[in-house]
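*Asks:* A predicted structure for the sequence below; I have some questions about it.
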Amino acid sequence: MMNTEFNELYRECSTTGNEMSCANSSYFHCNQSLKCISYHRVGDGFRDCYYNEDELFLTCHLNASNRFNCTSDPTKCLLPVALGNGLYDCPRGR
């Protein structure tokens, strides 16, 4: 329990600050919590934005070459770490 709380606290504090927009274009802006996080942390399965905006964001809109499209859901794109992890991240496992 304490380890989970520590991890949450660390993730909440490991941002660039509370801005209305991100000065660095390689950062994702959490609109509700006013935080900036690296785009690599968007859609990675961990809540970095307080209101979960980073996990609810349609990652295919990032047009990132390192993400893979789910054939069963063209709006869902996965990071390489999600491939072959034994979990069905795409609908119907495709």
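*Replies:* Right, received. Where do you want to start? Residues are numbered from 1 along each chain as shown.
*Asks:* report the central residue of this protein.
*Replies:* Centroid-nearest residue in the chain, with C-alpha atoms, centre = their mean: Val42, separated by 1.9 Å.
*Asks:* beta partners for Phe28?
*Replies:* Assessed by DSSP bridges, Phe28 has beta-bridge partners Ile37.
*Asks:* which residues touch the residue nearest to the centre of the chain?
*Replies:* By C-beta atoms under 8 Å, 6 or more residues apart in numbering, the contact set of Val42 is Phe28, Asp48, Asp54, Glu55, Phe57, Thr59, Leu62. All C-beta atoms are positioned from the backbone trio N, CA, C, and that covers glycine.
*Asks:* thought Asp54 was touching Arg41?
*Replies:* Yes. Between Asp54 and Arg41 there is a contact under C-beta atoms under 8 Å: 6.3 Å.
*Asks:* pull up the overlap in contacts between those two.
*Replies:* Listed as contacting both Asp54 and Arg41 by C-beta under 8 Å, 6+ apart are Phe28, Asp48.
*Asks:* so for those two, which sits in the more crowded spot?
*Replies:* The neighbour comparison of Asp54 against Arg41 (other C-beta atoms under 10 Å) goes to Asp54, with 24 against 20.
*Asks:* in a helix, that one, correct?
*Replies:* Yes. According to DSSP: H, G, I helix; E, B strand; the rest coil, Asp54 belongs to a helix.
*Asks:* distance of it relative to Gly86?
*Replies:* 23 Å (C-beta to C-beta, to the nearest Å).
*Asks:* check Asp54 and give its pLDDT.
*Replies:* On pLDDT, Asp54 comes in at 92.
*Asks:* er, Tyr27 I mean
*Replies:* The model's pLDDT for Tyr27 equals 94.
*Asks:* ok, now Ala23?
*Replies:* What the model reports as pLDDT for Ala23 is 90.
*Asks:* tally of neighbours for it?
*Replies:* The local packing of Ala23 (other C-beta under 10 Å) involves 9 other residues.
*Asks:* now do Tyr27
*Replies:* Using other C-beta under 10 Å, Tyr27 is surrounded by 19 other residues.
*Asks:* alright, I will stop here.
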